[in-house]
Each structure stands twice: as structure tokens, then as C-alpha cells.
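Participant: Build me a model:
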Amino acid sequence: MPSRGHVFFIINLPNNNKNVRILSQTMTDKRSPVVVVMGHVDHGKTTLLDYIRKTSIAAREAGGITQSIGAYEIEHRGKKITFIDTPGHEAFSQMRTRGTKAADIAILVVAADDGVKPQTREAINIAKEAGIPFVIAINKIDRPNADVEKTKNDLMNEGVLLEGYGGNISHKLISAKTGDGINELLDLILLVAEAEVEDLSYDSKAPGEGFILESKMDNRQGITVSAIIENGTLKTGDEIAAGSAGGKIKILKDFVGRKIDKAMPSSPVLILGFEKLPAIGEKLTSGEAIALTTELKSISNESQPPITENENRSIINLIIKGDVSGSVEALVDVIKNLPTSENVALRIIDSSVGEISDGDVKSAAASKAIIIGFRVKINKAAEGLSKAQSVKIMSSEIIYELIQAIEKEMMILQRGHIKGDLQILAVFGKKGADKQIVGGKVISGKIENNGTAEIERQQKTIGQGKIINLQQGRKDAIEVIANNEAGLLIDADAEIKVGDHLIIR
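Facilitator: Next comes the predicted model:
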């Protein structure tokens, strides 16, 4: 909350000659509302901001997904509004939560042709937990398959009681593509800010305070930090701190990259001058004497649960590199929650912001790790060294492509623990209810009589069975090794088809 000063006047009333103290003036200024835009992936959040700002950021987003927090300031009917755009992909849950911490109001964008989805529900819960008022923007009403009434009913089923439907949550029908309803939505934001947000005042004389939205290492400018100013005035030359990271403001820029001398509350700013990367979500303070009260927590494997030692288990070591702290945090969080197996596990040995360097490659070579690069470049030295050292680098602009690549690596290792793999070449019929007669070729390892096999179709396990009888060359066999054909009678819980694999582990 901003600090406040008051001026009091003593007025003599002639009738009763009593001194009455009257609050005459509050020495605070009014700031503009900060609005966070939330919703499910591809429901049109960034396209909405694009229309408002008359820019084309959405078209430039890799994979059509906003993958870091952006903050923008606009003017509507002579009043400023600051918007925070948050990613919709499920991997970026923590980034969405941070966005609401810096906001006064939330806009929940819901596509009329898609309705309520998982990240819609998450956004509703985040806004409620943050205790900020929110409005609904039902988007894509221009689509031929738009169903506004179904979308409203979906929202009602999630406990979002709209005005006119027994509740008090305001909503607007919009098309972020054509601009229909967007002026009315902005009018609604200003109305909600005036009526429902308790305190939009600040003390302009106080030292600048704010909230770290994002931090990254820029090759040309060094450490750059984006923040929202919450109170006071932040100026070039100010001493600054956020957690255990400190420094002095060398350059201050507004959200479009123009140099400014000072920033006022609700303004999104870019700060150059931190000596090391501050943690995202940290409180930003400025002034001559700053107490560093919290320690910067690295987003590495220190909080990972220990991996149970198993001599038959393969460990995939990973080094994570990302463009900004929030991206690294999101990727680390998703990787930690990927399902593993008794035979394969993942271990993050390092995670940091910045391009992939030769130092990263040396570290990967020493630890036999794979480097995962998210929205970062690979410098020339690293590229050459990675080839010489046979270090695998997986790089992408889209987070789910990296996850798929990691899962593929796990699958390859998992298959490496297979004792036997037989590909089904023919199905001859059934013997009884569950027993099936099949023929195939042993691709790797060996198949043993009386063994238990997993039935795999298109690299997915669909069932399992017990080998009742195994034959090679029409004679009973105890085992059949690789590159030989075999006939089997198998008691299985799924129907086996040509092309399936029987996997023995």
C-alpha cells in the first residue's frame, strides 16, 4: 500500500466557538489501473491486445503462443490503462499467477467457439485467489461456429455468475479480430477501476517500489529487467534492489523502448543496472539505503526430489537454457513433473538464462548431459564444440516441442531396457475367449516361453499377455532369439493386430 500524508486545518466556528479538525487534503496522486489478460491458449488474449495497441505481436509469436509476460500501456478516453499479457499454455501457470499479483483487475478471455477449457478454469481460480475483480471478454463472436449462450452456461457451471444471469460479473461480447465490442470492454475496465478497486492512489514523493515481471541476460545490454511500478517514483541513477540482487539504474526505458528519466506507478518499465538477475516475482525497491532482506533462489535441481539409486536405471542429465527467467522456471517445472519409469529418470543439473555457450557444452560433455535451449541462440564456439564433443543440443521456440523431444529420449532409453521385442506379422485366430494364435519376428533380444509380454501399438502399451506356447519352425521352443520367426499362443487382455509388438522387459 502507498504511504500517505495528510494536511489538516483548524477552523473556528463562531456559533459554538469549538475547534473542529477537518481532513482537507490527501497528499496522494491517482494512478491508472493495471489489468492482467488471462485465458486458455489460442483464445485470443494477445490478438485482443494487438487490436488495442494496433500492433502485430500475435502474428510474430512462435507457434501462436505468448511465452513470456509482456506489459503495455494504452490511453482510452483520455485515461491510461496498463495491460499485462500472460501465456496461456499450461506450462506457464506460475507466470500467470505472478501477473495477477501485479494487477488491479483481470480480463478473462473465453473463445465463443471453444468455451471453458483447462486454463480458463485455472485463470478463474487464480483471479479469485488473488482477490481482484475480473470481467469476462467472450471473444471470437465473428466465428460461424460461435455459441455465446453455451459459453455463458459453461462459465455459470464454473461458478462465474454473469450479470443478467443471477450474478454480478460483467461481460462483453467481442471480436479481437474485427474490433467489435473492444471500446465497450475498455469502458467497462475504467468503470470497474472506478467502482470496485479500492485504492488507486500513490505517493509521488516516495522512493520507487514495484514488482519484477521478468529478467533476462541480453548479449548487448547485459541484465535487463521488466517491472511494474506500484508506488513512488523510480528515477535513473537510483540505487535498486530485488531480493539479493542489487545495483544502480543506468538506463530506464518505457514499454516501447524509449529512454526515460523517471517512471511513475502503473508504468511498465525496462531497467538496466542490476548486477545480477533478480528473481521474478520479487519486490523492487529503490533509495539510498536498501536492505536486502531475501535471498535469491535459483531455479535449479536443488528442490528436485532425490532420484532413487537403481543400477538398472538410466539417468538423462539436462542443462536448461532460456531467454528469460520465467521461461526457464516454466520449463524446469514441466520437466520435473514429467512421468518417468523404473528404468529411466530425468535430472536437471543446471538451469540459467542466456545463449548456449561453449561453457555449457563443456559442462554437458563432462556430465554427459543434453542441453535444452528455449528461445535462445547457440553461439558459434558452442556449435563447433558440441559437434566435436558429440553433445546433443535440443533447441526450439516452442515449449511443447522441447517436451516432446525429451519424452522421445526417454522412450529410446526405455526401449533400451527391453529384453525382447517381437513384431507381429500374422494373426491366425483365437483359441477360446482370450487365447490368440499369432506369428512374428524377434526384432531384438529374445522371447521366452511362459514369459509375460506387453502389447504395444504405435509405441503405446494397450495391454499385456502370458505366452502359453512358443514355437520355432513348428517345434516347441524354450526361447527364440533375434532375427528368427516364431509362433505363439498367448493369453492376452487385448486383441492383437498385425504390426503390434510384444515387448518383454
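
Participant: Sketch out the low-pLDDT regions of the stretch 51-200 of the chain for me.
Facilitator: Scanning the stretch 51-200 of the chain for pLDDT under 70 picks out 55-69, 86-100.

Participant: nope, the chain is what I was after
Facilitator: Residues of the chain that meet the criterion pLDDT under 70 lie in 1-28, 55-69, 86-100, 288-313, 414-417.

Participant: now the helices for it?
Facilitator: Listed in chain order, the helices of the chain (DSSP state H) span 45-53, 57-60, 93-101, 118-130, 148-157, 182-196, 325-336, 358-367, 380-389, 399-416.

Participant: Kindly calculate the angle that the fifth one makes with helix 118-130.
Facilitator: In other words, helix 148-157. Relative orientation of helix 148-157 versus helix 118-130 (axes from the mean of the first three to the mean of the last three CA atoms, to 10 degrees): 50 degrees.

Participant: which parts of helix 148-157 are buried?
Facilitator: If you call a residue buried by 16 or more other CB atoms under 10 Å, then helix 148-157 has these buried ones: 151, 152, 154, 155. Using the backbone N, CA and C atoms, a C-beta is placed for each residue, glycine as well.

Participant: now residue 225: how far from residue 214?
Facilitator: 7 Å (CB to CB, to the nearest Å).

Participant: and those two? which has more neighbours close in?
Facilitator: residue 225 (28 against 24; other CB atoms under 10 Å).

Participant: That one and residue 210 touch, don't they?
Facilitator: No. Taking contacts as CB atoms under 8 Å, residue 225 lies outside contact range of residue 210: 9.8 Å.

Participant: circling back to that earlier point, closest to residue 466 among the buried residues of helix 148-157?
Facilitator: Distance to residue 466, by CB to CB, is smallest for residue 154 among these, at 46.4 Å.

Participant: Please report the distance of that closest one from residue 109.
Facilitator: Remark: distance between residue 154 and residue 109 (CB to CB) = 14 Å.

Participant: and if you look at residue 223?
Facilitator: As defined by CB to CB, residue 223 lies at a distance of 32 Å from residue 109.

Participant: Between those two, which has more neighbouring residues?
Facilitator: residue 109 (26 against 20).

Participant: ok, what's across the strand from the more buried one?
Facilitator: In this entry, residue 109 is beta-bridged to residue 39, residue 137, by DSSP bridges.

Participant: can you tell me which residues contact it?
Facilitator: Residues in contact with residue 109, defined by CB atoms under 8 Å, 6 or more residues apart in numbering, are 37, 38, 39, 43, 44, 45, 48, 137, 139, 176.

Participant: what does residue 364 give?
Facilitator: 317, 319, 370, 371, 386, 389, 391.

Participant: Identify the bridge partners of residue 476.
Facilitator: Beta-bridge partners, per DSSP bridges, of residue 476: residue 471.

Participant: Next, count neighbours for residue 46.
Facilitator: 27.

Participant: what's the answer for residue 357, then?
Facilitator: 18.

Participant: Once you drop chain neighbours, what's closest to it?
Facilitator: Leaving aside its sequence neighbours, residue 357 sits nearest to residue 382 (CB to CB, 6 or more residues apart in numbering; 5.3 Å).

Participant: OK, contacts around that neighbour?
Facilitator: Taking CB under 8 Å, 6+ apart, one finds 355, 356, 357, 358, 360, 361, 393 in contact with residue 382.

Participant: JSON lines for the residues you listed, including distance to residue 282?
Facilitator: Converted to JSON lines, the contacts of residue 382 look like this (distance: CB to CB, whole Å):
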{"residue": "355", "distance to residue 282": "24"}
{"residue": "356", "distance to residue 282": "26"}
{"residue": "357", "distance to residue 282": "26"}
{"residue": "358", "distance to residue 282": "31"}
{"residue": "360", "distance to residue 282": "25"}
{"residue": "361", "distance to residue 282": "31"}
{"residue": "393", "distance to residue 282": "31"}
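
Participant: circling back: distance to residue 503 for the helices of the chain - can I get that in CSV?
Facilitator: As requested, the helices of the chain are exported to CSV (distance: least, CB to CB, whole Å):
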stretch, distance to residue 503
helix 45-53, 43
helix 57-60, 44
helix 93-101, 35
helix 118-130, 32
helix 148-157, 42
helix 182-196, 55
helix 325-336, 26
helix 358-367, 30
helix 380-389, 33
helix 399-416, 8
